[in-house]
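1. Quick one, fold the following:
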Amino acid sequence: MSTTPTRHRNETGIVVDPALPTIVITREFEAPPERVFRAHTDPDLVAQWLGPRGLTMTIDRYDARTDGSYRYVHADEEGNEYAFHGVFHEVRPAERIVQTFTYEGMPDSVSLETAVFEDLGGRTRLTATSLLDSLESRDGMIASGAETGIREGYERLDAVLDGTQAAEEHRRIAAGFTARVRGAEAGRWDDPAPCEGWVARDVVRHLVEWFPGFLKTGAGIELPEGPSVDDDPVAAWQVHNDAVQSLLDDPATAGRTLSHPQTGDLPLAQAIDRFYTSDVFMHTWDLARATGQDEHLDPAKCAALLAGMLPMDEVLRGSGHYGPRVEVPESADVQTRLLAFTGRTP
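-> The predicted model follows:
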């Protein structure tokens with residue numbers, strides 16, 4: 001037996017002790033413990049990542065609480081089924097899960113599994129320890145291809161976490177835009193907006209009109225339509241925003257792809273985060289300025305967007321989405337520099 005070293009932070013490390021019937025797995029994830037824990041306890045999410053590629057998972061029960069139990073069945077393309085069950089001995093939110101694990105094809109072999117979620121400041125280190133009843137059982141598990149299944153499962157978990165991260169980011173960013181929509185005085189919806197030729201309601205119109213078409217063309221998904229922005233911009237935005245959030249919150253979104261000639265194929269949640277949520281963030285400032293509300297944007301988000309845009313200056317400028325860069329002092333705050341880069345006058 002051997003030890004698999006971790007060469008970089010997101011590689012799965014698997015340690016097999018030659019003297020003890022244990023398997024110790026370490027893996028870091030680009031998500032806080034609360035979300036990694038949820039992906040281990042929400043059956044809708046568990047079904048999307050647990051186990052190797054090529055298997056489908058059917059959950060009979062998954063009661064992830066202290067004294068709860070679980071049973072699920074993996075099936076391959078030939079129809080072969082592999083069932084597993086166990087009991088949760090301790091479930092401590094975002095910290096620790098202790099459970100038993102039994103493969104029903106070997107009912108006399110039971111392992112005790114402990115998963116510990118360590119907070120790395122917005123990231124998570126997961127340490128999962130399996131204690132089997134004998135060295136023979138442990139070696140048999142490894143020989144059956146467990147290492148491949150573990151690694152592929154965690155790669156699939158990365159994709160699930162990308163989706164839940166996109167959902168939370170949209171919830172946060174859209175809340176800021178929603179606050180400006182609801183805070184706009186009725187008489188200001190036709191006031192000029194920073195975008196040339198637009199008034200305040202056109203900022204909302206842009207978001208509720210371009211994205212549904214992008215989504216339908218690239219992913220075959222149709223969002224429900226709300227009232228006209230001309231009749232009721234607040235309701236138009238709310239219907240649209242609720243639909244986008246519901247899509248991101250849907251566990252099935254993690255398995256969907258968006259295809260576009262200019263971007264190729266991307267996981268749907270990643271595409272929404274990259275192209276749409278960022279657009280909502282930028283237009284929050286436009287609506288705030290048009291309607292005389294708070295123009296402050298999250299500095300960390302501003303910095304992340306600016307860092308991603310700077311290397312693409314020529315491409316972005318040539319796309320026609322941004323006007324000429326506005327000159328501001330190098331000492332200006334990051335929001336000012338981001339707005340100026342996109343052609344807005346801070």
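2. Only C-alpha atoms from now on, for both contacts and neighbour counts.
-> OK.
3. quick one, longest helix in the protein?
-> helix 146-183 (DSSP state H).
4. I'd like the next helix or strand past that one.
-> Elements were assigned by DSSP states H and E; along the chain past helix 146-183, the next helix or strand is helix 200-219.
5. Pull the distance from that following helix to the chain's centre.
-> Relative to the chain's own centre, helix 200-219 is displaced by 21 Å; criterion: C-alpha atoms, centre = their mean, to the nearest Å.
6. Report the buried residues of the lengthiest strand in the chain.
-> The longest strand of the chain (DSSP state E) is strand 81-92. By 16 or more other C-alpha atoms under 10 Å, the buried positions in strand 81-92 come out as 83, 84, 85, 86, 87, 88, 89, 90, 91.
7. what sits against the fourth one?
-> Spelled out, that is residue 86. Residues near residue 86 by C-alpha atoms under 8 Å, 6 or more residues apart in numbering: 69, 70, 71, 99, 100, 101, 102.
8. Out of those, which is nearest to residue 53?
-> Distance to residue 53 across the contacts of residue 86 (C-alpha to C-alpha) is lowest for residue 71, with 19.3 Å.
9. is it fair to say residue 273 lies in a helix?
-> Yes. Assessed with DSSP: H, G, I helix; E, B strand; the rest coil, residue 273 lies in a helix.
10. pLDDT on the longest helix of the chain, on average?
-> Average pLDDT, helix 146-183: 93.
11. what packs against it?
-> helix 33-41, helix 43-49, helix 233-249, helix 268-271, helix 278-291 (3 or more C-alpha pairs under 8 Å, 6 or more residues apart in numbering; DSSP states H and E).
12. returning to that earlier point: considering the contacts of residue 86, which possesses the most neighbours?
-> residue 99 (24 neighbours; other C-alpha atoms under 10 Å).
13. my read is it is in a strand, agree?
-> Yes. Under three-state DSSP, residue 99 sits within a strand.
14. buried stuff in the longest helix of the chain?
-> Result for helix 146-183 [16+ other C-alpha under 10 Å]: buried residues 146-147, 150-168, 170-171, 173-178, 180-181.
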